[in-house]
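Asks: predicted coordinates and the sequence they were generated for:
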Amino acid sequence: ADIDDGTNFHGSEFRYYRGTLQSLRNAVDYWNNHAPDIQFIAQLGDLIDGQNAGKYGEGLKMECPQTEPAFASVMREFGRSLCTKVHHAIG
């Protein structure tokens, strides 16, 4: 989500939002340059944050929902990987 960093609902965990897409870019660059023969990528976290839907939290400030553009941005980064097997854990 293109929102300021913040905490979870309970305030007990810090969440990094705006920098996460760059972190994925850095990971893909690393894999491509240092581990081009990896067998698969396992994506275990939230692929995009629910606030992109614009229905709660900082998402309420968005002019329109950002779920689809956010998803496309993330998938575009995964698509740059030399590894074509990407597994996503949902839940």
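Replies: Thanks, I have the structure now.

Asks: where in this protein is pLDDT low?
Replies: Within the chain, the segments meeting pLDDT under 70 span 91.

Asks: now the helices for it?
Replies: Listed in chain order, the helices of the chain (DSSP state H) span 20-34, 67-79.

Asks: report the angle between the axes of the longest one and helix 67-79?
Replies: For helix 20-34 against helix 67-79, the angle by axes from the mean of the first three to the mean of the last three C-alpha atoms, to 10 degrees is 20 degrees.

Asks: nearest to residue 1, out of the helices of the chain?
Replies: Nearest to residue 1 among those is helix 67-79; the distance by C-beta to C-beta comes to 6.6 Å. In this view, the C-beta of every residue, glycine as well, is placed from N, C-alpha and C.

Asks: buried stuff in the closest one?
Replies: 67, 70, 74, 77, 78 (16 or more other C-beta atoms under 10 Å).

Asks: one more: stretch 45-61?
Replies: 48, 49, 51, 52, 53, 54, 58, 59.

Asks: what's that stretch in contact with?
Replies: Contact with stretch 45-61 is made by 1, 3-4, 6, 15, 17, 62, 64-67, 70-71, 74, 88, as judged by C-beta atoms under 8 Å, 6 or more residues apart in numbering.

Asks: and if we set it to 10 Å?
Replies: 1-6, 9, 15, 17, 20-21, 24, 62-75, 78, 88-91 (C-beta atoms under 10 Å, 6 or more residues apart in numbering).

Asks: from residue 26, how far off is residue 33?
Replies: Between residue 33 and residue 26 the computed distance is 11 Å (C-beta to C-beta, to the nearest Å).

Asks: of the two, which one has the most company?
Replies: residue 26 (12 against 9; other C-beta atoms under 10 Å).

Asks: list the contacts for the more buried one?
Replies: Counted by C-beta under 10 Å, 6+ apart, residue 26 has contacts 19, 77.

Asks: about what we covered before: ok, the buried residues of helix 67-79 vs residue 42, which is closest?
Replies: residue 78 (11.6 Å).

Asks: just give the nearest non-adjacent residue to that closest one, would you?
Replies: Nearest non-adjacent residue to residue 78, counting by C-beta to C-beta, 6 or more residues apart in numbering: residue 86, 5.2 Å away.
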